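Participant: Below are the sequence and a predicted model for it; my questions follow.
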Amino acid sequence: MATPELRIYESLSQSLKPFQPLVEGHVGMYVCGPTVYSDVHLGNVRTFLSFDMVFRYLSFIGYKVRYVRNITDAGHLVDDVDHGEDKIAKKARLESLEPMEIVQRYTVGFHEVMKSFNALPPSIEPTATGHVIEQIALTEQLISNGFAYEVDGSVYFDVTAYEKIHNYGELSGRKAEDMLEGSRNLAGQSDKRNPRDFALWKRAGKEHIMRWQSPWGEGFPGWHLECSVMSTKYLGETFDIHGGGMDLKFPHHECEIAQNKGSHGHAGAQFWMHANMLTLNGQRMSKSTGNTLLPEELLSGKSAHLTQPYSPSVTRFFIHQAHYRSVLDFSDEALNAAKKGHDRLMAAFESLSKRPTTGPKVGSFDTDAWSNKAHAVMAKDFNSPLLIAELFEAVKAIAADRKDPSVLGTDGAQSLMTQMSDWLFHVLGLMPPQQVNDRMKKALDGSMKLVISLRQTARETKDWATSDAIRDQLDAAGIIIKDGSEGSSYELK
Ligand code: AMP
Ligand code: ZN
């Protein structure tokens, strides 16, 4: 069947717009990545999984997607404003480490978390520190276009000059007075001509370790600059989709749009997409307030918020059961309900592969009509909750078919199995039970390697009590250790 026309809710126009990529068959998508100064929490994970689902769906319907997601490793200041310490440098100072050790630690951690949730890696993952030259060039361009000015080694974007031509606030809908809220009485911004101006380049004080040479002396780039620079560099001045969490609309994306328009006249992306927040106890999950739950807490179940661990696949199911633009509240009960739904869906899918090949070829359940509905709901702004509702329609048909094989028929069952597999595993990114088994096998292999080496050490030191206890307890757990000339290995009983 022909895929229905994709429509996406676009934040600048606040409307559902038909999606037409700039280059036929190709999509350029930029998503703001993490600031790598601490572990990502489940709220961050929700946003990245929402865009993973978007990436997966676009690829599934045949687009060749260049997906760029950056790593913010410099320039993001504490409190998201234009003064104060760099978040990464602050963490480095507190831990007596190099800023790049902090960056490395949390970038690796972020990748591990995303992989554990079965998120596909982006096509390009550029860093702010890798693009300082380009950020300086964009700052120079904005100065020469009359939209920026230098004061004492810092360069600010000139909102007043910009507003003579463009509309600052068009994305967030904020009025000038609202933008001033919170920016008044802040120390260190007295060199701005207007409190709404924002930093493109900041002079580095003596204590600021992350610093680069520039035409204005030693300094560092403002937070918003990197995304303008890296999206343009890898996707062009105009590209298809720019994504991030709702909280980035202001100031981050508002400033990005101003920088883009100020340098080349276009907003950048044709579609600005924003994913909504994950809340905990009704409050936004946030690193700065400490109202967070970490992925490892969820996967181990070790948290006061939880009664049991939840798998990455159940977590993805929970996340995609809500529309990406709706607020989603995290709770143990909600996760528990998601687990039941997830397991029912997986069991029904599994049962299809074991279905006897009896009965008629064609059944009464119309798989084509079902497929059309599944495509239609996803084509309307990636409505994953409605897709999941359609998947449960299939579950009902599978249950009916178990009693009466004329419901699906052999061909219908085959077709449903292929299509469900596509939606469940390719688009929603859930993990097939086999993949979960593979992961468990890998974990068991790793831990058995450790146990075998501990037993080996005990044997070498003639600590027979320990080595026997290890063997006996493994035996009781159903694992046999085999000693051979090449070393020891294990087998399940
Ligand atoms: P950060 O590392 O703070 O820049 O955040 C990385 C991404 O996570 C951004 O797209 C944020 O919008 C998003 N984010 C932060 N908090 C939440 C939350 N509670 N729920 C969903 N997304 C969030
Ligand atoms: Zn960004």
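Facilitator: Looks like it arrived, so ask away. Ligands and ions are numbered 1, 2, ... in the order given.
Participant: Next, the residue nearest to G245 when sequence neighbours are not counted: secondary structure please.
Facilitator: Counting by C-beta to C-beta, 6 or more residues apart in numbering, the nearest residue to G245 once its immediate chain neighbours are dropped is T47, at 4.4 Å. The way it works is simple: take the backbone N, C-alpha and C, and place the C-beta from them, glycine included. Using DSSP: H, G, I helix; E, B strand; the rest coil, the secondary structure recorded for T47 is helix.
Participant: Name the residue of the stretch 201-350 of the chain that lies nearest to ligand 2.
Facilitator: Here the stretch 201-350 of the chain gets closest to ligand 2 at one residue, C227, 3.3 Å apart by C-beta to the ion.
Participant: Specify the beta-bridge partners of G484.
Facilitator: G487 (DSSP bridges).
Participant: and the residue nearest to G245, what is it in contact with?
Facilitator: G244, G245, A275 (C-beta atoms under 8 Å, 6 or more residues apart in numbering).
Participant: Now list the buried members of these.
Facilitator: G244, G245, A275 (16 or more other C-beta atoms under 10 Å).
Participant: Give the members of those residues that are also in contact with ligand 1.
Facilitator: Filtering the buried ones among the contacts of T47 for proximity to ligand 1 (criterion: C-beta under 6 Å from any ligand atom) leaves G244, G245.
Participant: In helices only, show me the buried ones among the contacts of T47.
Facilitator: Judged by DSSP state H, helices contain none of the buried ones among the contacts of T47.
Participant: wait, which of the buried ones among the contacts of T47 is closest to G62?
Facilitator: Set against G62, the nearest of the buried ones among the contacts of T47 by C-beta to C-beta is A275 (23.5 Å).
Participant: Name the helix or strand for the nearest residue to the closest one once chain neighbours are set aside, please.
Facilitator: Leaving aside its chain neighbours, A275 sits nearest to S50 (4.1 Å; criterion: C-beta to C-beta, 6+ apart). Under the criterion of DSSP states H and E, S50 resides in helix 42-60.
Participant: Helix or strand next in line after that helix, which one?
Facilitator: Next helix or strand after helix 42-60 toward the C-terminus (DSSP H and E): strand 64-69.
Participant: So which residues make contact with that following strand?
Facilitator: Contacts of strand 64-69 (C-beta under 8 Å, 6+ apart): 25-33, 48, 51, 55, 58-59, 122-126, 230-231, 234-235.
Participant: Could you pick out the residues of the stretch 251-400 of the chain near ligand 1 for me?
Facilitator: Residues of the stretch 251-400 of the chain lying near ligand 1 (C-beta under 6 Å from any ligand atom): M277, L278, R284, M285, S286.
Participant: Backbone dihedrals for E10, both of them.
Facilitator: phi -110, psi 120 (degrees, to the nearest 10).
Participant: partners of it in the sheet?
Facilitator: Going by DSSP bridges, E10 forms beta bridges with S15.
Participant: Excluding chain neighbours, what is closest to the residue of the stretch 201-350 of the chain closest to ligand 2?
Facilitator: E256 (5.2 Å).
Participant: same thing with I470?
Facilitator: Nearest non-adjacent residue to I470 (C-beta to C-beta, 6+ apart): R455, at 4.5 Å.
Participant: Now do the contacts for the one you found.
Facilitator: Contacts of R455 by C-beta under 8 Å, 6+ apart are T466, S467, I470, R471, I481, S488.
Participant: nearest to ligand 1, of the residues you listed?
Facilitator: I470 (43.0 Å; C-beta to the nearest ligand atom).
Participant: thought the closest one was touching V451?
Facilitator: Yes - under the criterion of C-beta atoms under 8 Å, I470 lies in contact with V451, with a separation of 6.4 Å.
Participant: rewinding a little: how about a markdown table for the contacts of R455, with pLDDT added?
Facilitator: A markdown table is the format used below for those (pLDDT from 0 to 100):
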| residue | pLDDT |
| --- | --- |
| T466 | 92 |
| S467 | 90 |
| I470 | 92 |
| R471 | 90 |
| I481 | 88 |
| S488 | 87 |
